[in-house]
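Q: Please work out how this folds:
(2 chains)
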Number of protein chains: 2
Amino acid sequence: MKNKVGRDLPPQIGTRKIRGYRGAFAIKPIPTKASLPTRCMYPGESKLCSSLDDAIKKSGLCNGGTISFHHHLRNGDRVINRVIDRIAKMGIRDICLVPSALFPVHKPLIDHIKKGVITQIQGSLNGPLGAFISQGKKLEEPVVLRSHGGRARAIAAGEVTIDVAFIAAPIADDYGNCNGSLGDSAFGAMGFPIVDSLYAHTVVIITDNLQPYPVTPISIPQTRVDYVVCIDSIGDPQRIKTGTMEITRSPARLLMAKNVVRLLDESGVLRDGFSFQAGAGGTSLAVTKFLHDHMKKKNITGGFAMGGITGYVVNMLEDGSINRILDAQSFDLSAVESIRNNPFHQEVSHIMFGDPHTGGCVVNRQDACFLGATEVDLDFNVNVNTHSDGVLLHGIGGHQDAAAGSDITVILAPLLRGRVPVIREKVTTVTTPGDTVDVIATEYGMAINPLRDDIIKRVKGKLPIRDITDLYKFAQGMTGTPRKVEFTDDIVAVIEYRDGTVLDTVRKVKKG
Amino acid sequence: MKNKVGRDLPPQIGTRKIRGYRGAFAIKPIPTKASLPTRCMYPGESKLCSSLDDAIKKSGLCNGGTISFHHHLRNGDRVINRVIDRIAKMGIRDICLVPSALFPVHKPLIDHIKKGVITQIQGSLNGPLGAFISQGKKLEEPVVLRSHGGRARAIAAGEVTIDVAFIAAPIADDYGNCNGSLGDSAFGAMGFPIVDSLYAHTVVIITDNLQPYPVTPISIPQTRVDYVVCIDSIGDPQRIKTGTMEITRSPARLLMAKNVVRLLDESGVLRDGFSFQAGAGGTSLAVTKFLHDHMKKKNITGGFAMGGITGYVVNMLEDGSINRILDAQSFDLSAVESIRNNPFHQEVSHIMFGDPHTGGCVVNRQDACFLGATEVDLDFNVNVNTHSDGVLLHGIGGHQDAAAGSDITVILAPLLRGRVPVIREKVTTVTTPGDTVDVIATEYGMAINPLRDDIIKRVKGKLPIRDITDLYKFAQGMTGTPRKVEFTDDIVAVIEYRDGTVLDTVRKVKKG
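A: Predicted structure coming up:
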């Protein structure tokens, strides 16, 4: 069957029956979510475990179990590898791993996959694990990639059942009250594991900073926690920020960022109350910076900025250019400091950020968002998962959520990456459907989705607007037609849309 | 059948099959809670309603529906009467009312009961509504009284299914994010409706202070809200505090309060980290005050105080005598101001306060609590619901929860009220079972539950300890045997224990 972005999908992949993508808001959810587990702890009982092994044992985890982790410490995380190492040492096998995301630091997990300790993964893969998966079917079921909002939805809907959630916290008390913003390993907002703490059958808090009861503020309350264990270090928050999180220095990309701000201005959304989501990519940061300059100059007071939050957004809150920060994931230490100290920097869960099957998520209220891409295509579909060599290297992040919710979704992409054109006839992998994407901004001009006649009318003649096909041909003229990647038939990953339907699959790359 | 506090219960009351009380921690809960309803709101949709009628209409409420309210505004509440008036005007009948509590201000509801608009009540009744119910079976089913923790448990367990929760908030945005501590009608902590917002099929926020999106801090998030309606006033927070919330001036009761502090000191719990719950009754406030003096003098830094929070407890936080306040319900305007401004004054839900079937509630961590009583008996059972004339006049509050969780539960009670002895052979109504009560403190000495041999050993000879039977006889000697109240067989209310079993029933009073 072909889904609404034209991808051919088999009726079943592994053990999973496939429902194809039907449109961003086409799905009506089932009327009830999964049941919350009942915990029961009476006075005098203790949650404290003497070691990770003790915690794993008490959690009841056994062969075939499903366990989850968050990635707030990103490439500085020390918890996932350690827990899986201990699980392996204890002889537990056939684990389904449900991380919010994995990073290059988690490369040692490849060994555990090879040995059958991990046999399924449902979660984002960034870097070496994705590349490994792209080489062939090492897992029992294809990896399932979901957006941040989609992960929250899938857990709440009972499509993913977590036996044990291991939640790293830089501060916790012996009853499990914890937050992400205090302690030496503080990583800021703790948006990801909120949904895990609600639905997982067993919740284990792993901290390196056990403090007297009660720890406040409370991001995850004691009522949802079964066990607490203290280890020497949960990770290195200095490594949350990666090299890509620096403002671009490329004059062409800076101009592109300026044009995006002009487009927003001409579109009429840049007024008091303007609210947006900015990522942490170099050009996205430049847009944030220029937005800030523009708003100060024009005396515009924005509503909120949603993040991944960086210091650039913190600056806007601090000088009154925006009223609030809504933060589900802090992207640098200046964001961590701000959420700790500024009452207008509000933590939110990824349920609130982007779960479409709730009473309304934050992305619904965004006037604009600025997102990246590895590829875009003539239908405005966006790929952020695979590179043009077909290799799975990135998760979905909040991409689908922000695009679906925001009034104006801007994709920031260079026309070429090296000798590789970014605009394709068809993207290798559909991460985000074109009907939720409004503007493709390149350093050679911007293409506006024909669905957004309203924006086209407002900016025509005032900005370098080009037809997407023109930009496509222009790039091809410079590089020639790019070599087609060859895939085998083996499906190694499923790209789920935030509503639980399937957008696309990732196949094993044929060796050249 | 007889339950564990010796009360004879029929196997069925109304439509409800009865499980009798078996001991404070005898019940193992079912492994899953009720399902959370799935909401679904896509971009561009609005939650704002033009009027209460519009909100009630959109909520889908119809005949036979169940609706809930909170009582944070206590006797200053203006929302419950107005909503029920509108429901009645719209011709909706046969409503099951699930308030956290009703107060004298809600006397007009009697009319709606008489007319069949309200045919069931599950919630606390304080004052005229209780007296009305005691006069006979006006409702289709007996009223169900639950503790604060028990109410949260029953809703979460699916024993009470709420169709529409109407939640008054002194500040909210048009997506329903709200808190209790900002705005002219601010009432402080918003602990009661958290469970309603999770489980009710439809959630309506009623505010008198609509502010730009997003309102922070967020006590109830937008994801759980369906509709928002703005009215002129939700109530008068000046009327949260009632006359009973003044420190006692009676020299005998002040001495009793001092002796309680001495008892805690001798028992060895009054050390760094000491944590407690104090109510707002006159003697309880005196205990708080003397505790504070003692802790300052001895340089003791307490852990937390749980409330019902008053200014007396706020003072302890402010001068460092305790590290945290955990607040589910603010009892005066000084508590409201503190929760707004002091980051160590932490809001908690009544799930976290006292739901026994969670990963551990706050009461489990209390070293002591100081509670009131209308009657106590030779088995240390406590009555706070009915007066000695048999009339239902009070809810359970957090009484059962605090008693079950706290290490030392102290009941503060005068030996006599007027000419009526407080210590009975058997209490008229068992609100809190004697096996969770440790000390009965009267102005004529303290009785310690024989189960607490450890306390008896520590304080014997140092404090005026008397056998409960001696105190009973001493009071009877002054007043003579009190006249026995006569009841009919009609059960007008069920006293549920926090675990869902039944402790006792309240019967219709025979007219004298």
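
Q: Only C-alpha atoms from now on, for both contacts and neighbour counts.
A: Will do.

Q: who's in contact with the residue nearest the centre of chain A?
A: Centroid-nearest residue in chain A: A:Gly397, 1.9 Å away (criterion: Cα atoms, centre = their mean). With contacts defined as Cα atoms under 8 Å, 6 or more residues apart in numbering or on different chains, A:Gly397 is in contact with A:Ser124, A:Arg146, A:Ser147, A:His148.

Q: if you set the cut-off to 6 Å instead, what comes out?
A: Applying Cα atoms under 6 Å, 6 or more residues apart in numbering or on different chains, we find A:Gly397 in contact with A:Ser147, A:His148.

Q: quick one: which helix or strand includes it?
A: Using DSSP states H and E, A:Gly397 is not contained in any helix or strand.

Q: And it, how far from A:Met352?
A: From A:Gly397 across to A:Met352, the span is 15 Å (Cα to Cα, to the nearest Å).

Q: Could you do A:Pro43 as well?
A: As for A:Pro43, its distance to A:Met352 is 33 Å (criterion: Cα to Cα).

Q: can I assume A:Asp163 is in contact with A:His201?
A: Yes. Counting by Cα atoms under 6 Å, A:Asp163 touches A:His201, with 5.0 Å between them.

Q: any common contacting residues for the two?
A: Common neighbours of A:Asp163 and A:His201 (Cα under 6 Å, 6+ apart) do not exist.

Q: In the stretch 151-300 of chain A, what residue spans correspond to helices?
A: Counting by DSSP state H, counting those that start in this stretch, the stretch 151-300 of chain A has helices at residues A:193-199, A:251-267, A:282-297.

Q: Then the stretch 301-450 of chain A?
A: Using DSSP H, counting those that start in this stretch, the helices found in the stretch 301-450 of chain A span residues A:311-318, A:333-341, A:350-354, A:399-405.

Q: mind putting those helices in TSV, distance to A:Thr481 included?
A: Shown next, in TSV, are the helices of the stretch 301-450 of chain A (distance: least, Cα to Cα, whole Å):
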stretch	distance to A:Thr481
helix A:311-318	39
helix A:333-341	43
helix A:350-354	37
helix A:399-405	28
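
Q: So what's the residue count around the nearest residue to A:Asp467 once chain neighbours are set aside?
A: Distances taken as Cα to Cα, 6 or more residues apart in numbering or on different chains place A:Ala447 nearest to A:Asp467, at 5.4 Å, with adjacent residues excluded. As a burial measure, A:Ala447 scores 24 neighbours (other Cα atoms under 10 Å in any protein chain shown).

Q: again, but for A:Ile92
A: By the criterion of other Cα under 10 Å, A:Ile92 has 18 neighbours.

Q: Of A:Pro43 and A:Met352, give the one with the bigger neighbour count.
A: In this view A:Pro43 and A:Met352 are compared by other Cα under 10 Å, and A:Met352 has more residues nearby, 25 against 18.

Q: list the contacts for the closest residue to A:Ala101 other than its chain neighbours?
A: Nearest residue to A:Ala101 in three dimensions, chain neighbours excluded: A:Ser124, at 4.3 Å (Cα to Cα, 6+ apart). A:Ser124 is in contact with A:Ala101, A:Leu145, A:Gly395, counting by Cα under 6 Å, 6+ apart.

Q: most neighbours, which of the residues you listed?
A: When neighbours are counted by other Cα under 10 Å, A:Leu145 leads those with 29 neighbours.

Q: hey, what's it bridged with?
A: In this entry, A:Leu145 is beta-bridged to A:Ile495, by DSSP bridges.

Q: List the residues that contact it.
A: By Cα under 6 Å, 6+ apart, the neighbours of A:Leu145 are A:Gly123, A:Ser124, A:Ile495, A:Glu496.

Q: Just give me the neighbour total for the first one.
A: The reference is to A:Gly123. By other Cα under 10 Å, 25 other residues sit near A:Gly123.

Q: and the residue of the stretch 101-250 of chain A found nearest chain B, what is it in contact with?
A: Chain B sits closest to A:Thr223 of the stretch 101-250 of chain A, with a gap of 4.2 Å, by Cα to the nearest Cα. Residues in contact with A:Thr223 (Cα under 6 Å, 6+ apart) are B:Met352, B:Thr358, B:Gly359, B:Gly360.

Q: gap between the second one and A:Cys40?
A: In this structure, B:Thr358 and A:Cys40 are 5 Å apart, going by Cα to Cα.

Q: Looking at these two, which is more packed in?
A: B:Thr358 (23 against 20).

Q: Can you give me the pLDDT of the more buried one?
A: The model reports B:Thr358 with a pLDDT of 96.

Q: cool, and A:Gly14?
A: At A:Gly14, the pLDDT value in this model is 89.

Q: And it, how close does it get to chain B?
A: Distance from A:Gly14 to chain B, counting by Cα to the nearest Cα, to the nearest Å: 28 Å.

Q: Enumerate the beta-bridge partners assigned to A:Ala172.
A: A:Cys178, A:Leu210.

Q: That one reaches A:Pro212, doesn't it?
A: No. Using Cα under 6 Å, A:Ala172 is not in contact with A:Pro212; the gap is 8.3 Å.

Q: More neighbours: the two, which one.
A: A:Ala172 (33 against 12).

Q: in chain A, which helix or strand is least confident?
A: strand A:32-37 (a mean of 88; mean pLDDT, DSSP states H and E).

Q: and the next element down the chain from that strand?
A: Downstream of strand A:32-37 (by DSSP H and E), the next one is strand A:48-49.

Q: Would that next one count as contacting chain B?
A: No. Applying Cα under 6 Å from any Cα of the partner chain, one finds strand A:48-49 separated from chain B by no less than 12.7 Å.

Q: before we move on, the earlier item: from the helices of the stretch 151-300 of chain A, which stretch is densest packed?
A: helix A:193-199 (a mean of 24; mean count of other Cα atoms under 10 Å in any protein chain shown).

Q: I would like the residues contacting it, please.
A: Contacting residues not belonging to helix A:193-199 are listed as A:Leu36, A:His70, A:Ala152, A:Arg224, A:Ser349 [Cα under 6 Å, 6+ apart].

Q: Run the chain-centre distance for the host helix or strand of A:Ile491.
A: Taking DSSP H and E as the definition, A:Ile491 sits inside strand A:487-496. Remark: strand A:487-496 is offset 20 Å from the chain centroid, using Cα atoms, centre = their mean, to the nearest Å.

Q: same check, this time on stretch A:133-144
A: For stretch A:133-144, the distance to the chain centre is 20 Å (Cα atoms, centre = their mean).

Q: what about that stretch, how long is it end to end?
A: 12 Å.

Q: what residues does it touch?
A: A:Gly14, A:Thr119, A:Gln120, A:Ile121, A:Gln122, A:Val391, A:Leu392, A:Val492, A:Ala493, A:Val494, A:Lys508.

Q: since we're on A:Ser250, how many residues are nearby?
A: Using other Cα under 10 Å, A:Ser250 is surrounded by 12 other residues.

Q: which bits of the stretch 401-512 of chain A sit near chain B?
A: Within the stretch 401-512 of chain A, the residues that sit near chain B (Cα under 6 Å from any Cα) are A:Gly405.

Q: State which one residue of the stretch 401-512 of chain A is found closest to chain B.
A: Taking Cα to the nearest Cα, the stretch 401-512 of chain A has A:Gly405 as its residue nearest chain B, at 5.9 Å.
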